[in-house]
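Asker: build the 3D model from these lines:
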Amino acid sequence: MSIASDLIRGHTDTIILARLMGGDNYGYEINKAIQQRTGSRYELKEATLYSAFRRMEQAGCIESYWGDETTGARRRYYRITDIGRETYKSLKKEWKLAKELIDTLIELEDK
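Answerer: Numbers count the residues shown, from 1 in each chain. Down below sits the predicted model:
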């Protein structure tokens, strides 16, 4: 689904921030939630996911910390910050406007 991937790629940060609005989480679980929510029609590549984490952490949108797992591998968790919440709201508003404009431009006019 390269077309869907191309359309979605510019909204990676919004998608990740939306997942983190529900609470702290780690990369694998965020990607798994994205897959489940899309019926396995979309998943982020690992490199894309972790590049987005680095970019958003540098921008102050998210913070990371190491989990305290008693069994299994230690995981890096991510939490959304106040800046991240505001960024999410702004990006979501931009998405809604873009969607509205695209819908308007591609809908056939009644003649």
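Asker: may I have the phi/psi pair for residue 77?
Answerer: phi -100, psi 160 (degrees, to the nearest 10).
Asker: go on, residue 76?
Answerer: Backbone torsions of residue 76, given as degrees, to the nearest 10, read phi -90, psi 120.
Asker: so it bridges to which residues?
Answerer: With DSSP bridges as the criterion, residue 76 is bridged to residue 66.
Asker: gap between it and residue 11?
Answerer: From residue 76 across to residue 11, the span is 23 Å (Cβ to Cβ, to the nearest Å). Yep, even glycine has a C-beta here, placed from its N, CA and C like the rest.
Asker: distance check, residue 105 against residue 53.
Answerer: In this view, residue 105 and residue 53 are 33 Å apart by Cβ to Cβ.
Asker: between these two, which one's more packed in?
Answerer: Using other Cβ atoms under 10 Å, the more surrounded residue of residue 105 and residue 53 is residue 53, with 20 against 7.
Asker: the closest residue to the more buried one other than its chain neighbours sits in which helix or strand?
Answerer: Spatial nearest neighbour of residue 53, excluding adjacent residues (Cβ to Cβ, 6 or more residues apart in numbering): residue 78 at 6.2 Å. Take DSSP states H and E as the rule and residue 78 turns out to sit in strand 76-80.
Asker: mind giving me the packing neighbours of that strand?
Answerer: In terms of contacts (3 or more Cβ pairs under 8 Å, 6 or more residues apart in numbering; DSSP states H and E), strand 76-80 is packed against helix 12-21, strand 25-26, helix 27-37, strand 62-66.
Asker: what angle do the longest one and strand 62-66 make?
Answerer: Same thing as helix 27-37. With axes from the mean of the first three to the mean of the last three Cα atoms, to 10 degrees applied, the angle from helix 27-37 to strand 62-66 works out at 120 degrees.
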